[in-house]
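Undergrad: need the 3D shape of this:
(2 chains)
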Amino acid sequence: MAQDMCLRKAKVNQRLKIRTVSADGELGRRIRDMGLIPGTEVTVIGKAPLRDPVALRLRDFTLTLRNSEADHITVTPLED
Amino acid sequence: MGQYIIGIAGNPNCGKTTMFNALTGARQHVANWPGVTVEKKIGHINAGTDSVELVDLPGTYSLTAYTQEELVARNFLVDDRPQAVIDIMNADALERNLYLAVQIMELGVPLILGLNMMDEVRKSGKRIDSARLEELSGCAVVETVARSGRGAQELLRSTLEVAAKQTGEWKALNISYGPDLDPVLCEMEKLIAEAEFLTDKVPARWTGIKYLERDEDVIIKGRMANTELSEQLEAMAREVAEHTRKTLNMRPDALIADYRYGFIASMIKDVVTYPASSEDRISRSDKMDKVLTHRFLGPLIMLGIVYLIYEITFTVGEIPMGWLESLFGLLGDAATNLLPPGHLQSLVVSGIIDGVGGVLGFVPLIMFMFLMISALEDSGYIARMAYMLDRIFKIFGLHGTSVLPFIVSGGIAGGCAVPGVMATRTLRSPKEKLATLFVTPYMTCGAKVPVFLMLAAAFFPEDSATVMLVITLSAWAMALLVARLLRSTVIRGASTPFVMELPPYRMPTLQGVLIHTWERTWEYAKKAGTVILGISILLWAMMTFPELPADRVAHYEAQRAAAQSEEQITTIDNAEAEEAVRHTLAGRIGTALEPVSELAGFNWRVNIALTGGFAAKEVIVSTLGTAYSLGEVDTEEALPLSERLVADPAFSAATAIALIIFTMLYAPCFVTVVTMARESSWRWAAFSVVGSTCLAFVMAVLAYHVSKAFL
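TA: Numbers count the residues shown, from 1 in each chain, chains lettered A, B, ... in the order given. Presented below is the predicted three-dimensional model:
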């Protein structure tokens, strides 16, 4: 069983499943409105030239968020 | 036969605006929603005997009312009660797009789902069973491809059918929110229905959900309608929130979002079938992103694209710009011939035709730049620019999306701050928007370019290209530094989340780009016709009146009569012109400012030009020309003035540097100030004028003394 970790630590091309989203307020709502909720499978598909923000693929679309926002999300790596 | 108001909603980048354009064609107009700066587009359609008013709602992911766009969209649905709403969905990302649809269903507005981008869905091998979706959602579903206009008419027909059949009656969807929230929601619904609390506008259950979500907008309205009941509902929401926090470690709004997605997931399971190999399918967009946002290649390509925009704008835009200039030249000649010499001729030719012509002359440049920026925006590349630059912008307290206003304003020399300021609408956070608004006018807009070119050509003839580059880069540096300063003083606060969609790359449609370009160009041209016209007349008056007293005129007449050669007459003419300018109101202001402006090396002539430049930066060169008594100086042929400046012992290279810096930073032009006030507030616009001018002066004084010491 893979260990839960913070989304910030995820590597490019790693497949992950969201465990928890701890953000409240505006940030929490924006994250959830975009479909980042527990149970969702995401893949880190790239990082910006300065390693922040990161680009995620989920539910058939691509989303970017900053590392400081990824800190509110914990994920479980999925085995291929 | 009927008259309908139909809303058109959808996520950003779902093709909503393309569909709106396909449905309405050119029969649309743009305004702002009352009180906010969110764009409002309305189109009229005549379908048979029916007359339809189609309202393009701002693109939103949700109706949570966290952003202005969401609030506008929701208030339109609630207050204007359209007969039906079309939700345009990117069918390729159906699950997320249904999140907005479900919220509209919960509100109960008659809804039609437009499954857009079906061509992309088919290409990817995915299958969508739209008949099944229609069955499960209870909404009419129409498959469309907005880019080619396919399905548009069918969509309109279905919408009118639904609108006619349901006659505005709302049937709200009820979703179960699980064992923790359902009981309290039922209780709330009963209380709300009994008290008829807000039920004239929205379903009782919906109000209950909003109290659980702690929706400020609804709670404030509720308190006003029935304080006692509102407090009771708030207490119930607090209690259940405490309970879910203890048992699930979640707030009700998070729980509600989860259940909504759960509802969608159960619906979509039957509707979407993925091809067996979907796991290793790498889409074209992903492949392009591997290169276009590559760690090293990405920024290089971005620079290349920015350079290309600049090149095309100036090389291609120059041609129609020349036509416009000759047209205004002809107009000026015609007016000179038609009108008798005197004040009226001078007002029409120097004041109106030259003033407005100077601004309208930039229209082709603005048009070409917007043509390309609109194309880039529609292609999805601007979102990548924001993505790549966000890290840098964040350091300075801005947001990745601040890039667009910067570039439009002249981040690549030659933009215009007015549309740039308008482009700050795309910024969702008020704080980052204010900071961006403040520093956006520092960019090298098209009106400042002639000033810089003239000074560079005069004082640094060997490396004027390098000087222009240094100026452009300094403008960026100053903008970022001042933004940082503002964000750590006047507008302190946490940065807004950068949770942004990267839309797939798409070929922009010609119609969409043309409509965007037209809207923005028209906005600019309108300003030339109204505000600039007024300012031109005012400036002309300030530089004409009061006139020289009769005895001084007679004095020069006498001198001219006694003159021996053509050359002497010219010298006398120049002396008279200089005295005349000094005598006018503008000249007096310039002279009065001299004791202060001397610190930066500016004489009274420069002062006049800079005062005029507050009206519109375009006039700096021409005013300087007049003040240096050269008569009319064409901004395009600034060379004689530069020679004159070099010859002036009071005007050194240090003065030129100080003048460049002052022009870069001081108060934005009048039209920008008005636009700024519209986008924020008059207070903020006034602060920008005063603050920027003070900063500009300090920097100019500093630059003057430092460069005097070294040059």
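
Undergrad: look up the closest residue to B:Lys190, ignoring the ones flanking it.
TA: B:Ala204 (8.0 Å; CB to CB, 6 or more residues apart in numbering or on different chains). Heads up, the C-betas are built off the backbone N, CA and C, glycines and all.

Undergrad: got a pLDDT number for that neighbour?
TA: As predicted, B:Ala204 sits at a pLDDT of 95.

Undergrad: what about it, distance to A:Gly39?
TA: 31 Å (CB to CB, to the nearest Å).

Undergrad: so between these two, which is more surrounded?
TA: Legend: neighbour count by other CB atoms under 10 Å in any protein chain shown for B:Ala204 and A:Gly39, higher for B:Ala204 (19 against 11).

Undergrad: list the residues that contact that one.
TA: By CB atoms under 8 Å, 6 or more residues apart in numbering or on different chains, the contact set of B:Ala204 is B:Met188, B:Glu189, B:Lys190, B:Ile192, B:Ala193, B:Phe197.

Undergrad: ok, B:Tyr381 next?
TA: If you count contacts by CB under 8 Å, 6+ apart, B:Tyr381 has them with B:Leu292, B:Ile305, B:Tyr505.

Undergrad: enumerate every residue touching residue 6.
TA: Picking chain A for this. Applying CB under 8 Å, 6+ apart, the residues near A:Cys6 are A:Ala70, A:Asp71, A:Ile73, A:Thr74, A:Val75.

Undergrad: if you could check chain B rather than the one you did, that'd help
TA: B:Ile6 makes contact with B:Val52, B:Glu53, B:Leu54, B:Val55, B:Pro82, B:Gln83, B:Ala84, B:Val85, B:Ile86, B:Thr159, B:Ala163 under the criterion CB under 8 Å, 6+ apart.

Undergrad: what's the answer for A:Asp4, then?
TA: By CB under 8 Å, 6+ apart, the neighbours of A:Asp4 are A:Arg19, A:Thr74, A:Val75, A:Thr76.

Undergrad: pLDDT score assigned to it?
TA: 90.

Undergrad: and the gap between it and chain B?
TA: A:Asp4 sits 14 Å away from chain B, going by CB to the nearest CB, to the nearest Å.

Undergrad: now that residue. Its backbone dihedrals?
TA: In terms of degrees, to the nearest 10, the main-chain angles of A:Asp4 are phi -70, psi 150.

Undergrad: could you do the one 10 residues further on as well?
TA: Backbone torsions for A:Gln14, taken as degrees, to the nearest 10, come to phi -80, psi 140.

Undergrad: with A:Cys6 instead?
TA: Torsion angles, degrees, to the nearest 10, at A:Cys6: phi -80, psi 140.

Undergrad: okay, and the beta partners of it?
TA: A:Thr74 (DSSP bridges).

Undergrad: return the residues of the stretch 101-250 of chain B in contact with chain A.
TA: Contact residues (CB under 8 Å from any CB of the partner chain) of the stretch 101-250 of chain B with chain A: there are none.

Undergrad: strands of the stretch 101-250 of chain B, start to end?
TA: In order along the chain, the stretch 101-250 of chain B carries the following strands (DSSP state E, counting those that start in this stretch): B:111-116, B:127-128, B:140-143.

Undergrad: elements contacting the shortest one?
TA: The elements that strand B:127-128 packs onto, with contact taken as 3 or more CB pairs under 8 Å, 6 or more residues apart in numbering or on different chains; DSSP states H and E, are helix B:118-123, strand B:272-273.

Undergrad: residue of the stretch 451-600 of chain B nearest chain A, please.
TA: In the stretch 451-600 of chain B, no residue comes nearer to chain A than B:Leu502, which is 4.2 Å away by CB to the nearest CB.

Undergrad: okay, that residue: pLDDT?
TA: Listed pLDDT for B:Leu502 reads 91.

Undergrad: report pLDDT for B:Asn516.
TA: No Asn there; residue B:516 is His. For B:His516, the predicted pLDDT is 82.

Undergrad: that one touches B:Phe370, doesn't it?
TA: Yes. Using CB atoms under 8 Å, B:His516 is in contact with B:Phe370, at 6.9 Å.

Undergrad: comparing the two, which residue is more hemmed in?
TA: Neighbours were counted for B:His516 and for B:Phe370 using other CB under 10 Å; B:Phe370 has more, 25 against 20.

Undergrad: I'd like the next helix or strand past the helix or strand that contains the more buried one.
TA: Element membership for B:Phe370, per DSSP states H and E: helix B:363-379. Next in sequence after helix B:363-379, counting helices and strands by DSSP H and E, comes helix B:381-395.

Undergrad: spatially nearest residue to B:Val102 (excluding sequence neighbours)?
TA: B:Arg260 (5.4 Å).

Undergrad: sorry, that was for B:Ala193
TA: In space, B:Ala193 is closest to B:Ala204, 4.3 Å off (CB to CB, 6+ apart).

Undergrad: mind checking how far that neighbour is from chain A?
TA: 23 Å.

Undergrad: what's the answer for B:Pro450, then?
TA: Going from B:Pro450 to chain A by CB to the nearest CB gives 35 Å.

Undergrad: check B:Trp33 too.
TA: 21 Å.

Undergrad: in the least confident helix or strand in chain A by mean pLDDT, what counts as buried?
TA: Sorting the helices and strands of chain A by mean pLDDT, DSSP states H and E puts helix A:25-33 at the bottom, at a mean of 88. Going by neighbour count (16 or more other CB atoms under 10 Å in any protein chain shown), the buried part of helix A:25-33 is A:Glu26, A:Leu27, A:Gly28, A:Arg29, A:Arg30, A:Ile31, A:Arg32, A:Asp33.
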